[in-house]
Each structure stands twice: as C-alpha cells, then as structure tokens.
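Asker: when you get a sec, could you give me coordinates for this:
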Amino acid sequence: MIIANSSTPQQYTLDIEPEGRLTLPKEIQQTLNLESGDLLILTFEDNRKIQLLSIKQQVKKLRRLLKDKNDEEK
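Answerer: Numbering: from 1, shown residues only. The predicted structure is shown next:
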C-alpha cells in the first residue's frame, strides 16, 4: 500500500479473513482520514495491482472542482 505524498512506498501485510474481509492498519486509516463505515472503491488494474479510493474523498474533490468551475464563471 502506498501513502499519498510519501516519497517511499510503504508496504503492509494484510490477512484475508474467511469472509473475504481485509482490515486496513490504523495508521493508514488515520493518514487517509477513514472512519468505520466509509465506502471505498476497489479498482483491479491490468498490471495485477489494486487501487483503493475513498468515496468520501472523491466526493469532496468533485465538490471543490465544481465550486472552482462555478467561481470561474462568475
């Protein structure tokens, strides 16, 4: 797992529970401001890597973009 804005990728070992669940380390949850119940988007890439995106953070990013666009039009 790579932490955004980090010059050195950090790796963690995650166990897959029998139900298929993964638990992100507390450090990652705190760094990414994730809370229990947050939804994540998992993308499986062709190079056999996965990417996790926080829906909450993507919505915030989209709102900022829309606000900036709206401000430009005024």
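Asker: how near is Thr8 to Ile55?
Answerer: Computed as Cβ to Cβ, to the nearest Å, the Thr8 to Ile55 distance reads 27 Å. (C-beta placed from N, C-alpha, C; glycine too.)
Asker: so if I had to pick from those two, which one is more boxed in?
Answerer: Ile55 (11 against 7; other Cβ atoms under 10 Å).
Asker: phi and psi next, for Leu53.
Answerer: phi -120, psi 140 (degrees, to the nearest 10).
Asker: identify the bridge partners of it.
Answerer: Ile41 (DSSP bridges).
Asker: retrieve the pLDDT associated with the residue nearest to the spatial centre of the chain.
Answerer: In the chain, the residue lying closest to the centroid (Cα atoms, centre = their mean) is Leu53, at 3.1 Å. On pLDDT, Leu53 comes in at 88.
Asker: what of Ile41?
Answerer: pLDDT at Ile41 comes out at 92.
Asker: measure how buried it is and give me the count.
Answerer: The burial count for Ile41: 10, using other Cβ under 10 Å.
Asker: what's near enough to touch it?
Answerer: Leu52, Leu53, Ser54, Ile55, Gln58 (Cβ atoms under 8 Å, 6 or more residues apart in numbering).
Asker: so Leu22, which of the three states?
Answerer: coil (DSSP: H, G, I helix; E, B strand; the rest coil).
Asker: confirm for me that it is in contact with Leu14.
Answerer: Yes: between Leu22 and Leu14 a contact is recorded at 4.9 Å, counting by Cβ atoms under 8 Å.
Asker: related to what we said a few turns ago, how close does the residue nearest to the centre of the chain get to Lys60?
Answerer: Taking Cβ to Cβ, one finds Leu53 at 12 Å from Lys60.
Asker: tell me how far the longest helix seen in the chain lies from the chain's centre.
Answerer: Longest helix in the chain, counting residues (DSSP state H): helix 55-73. In terms of Cα atoms, centre = their mean, to the nearest Å, the centre of helix 55-73 is found 17 Å from the chain centre.
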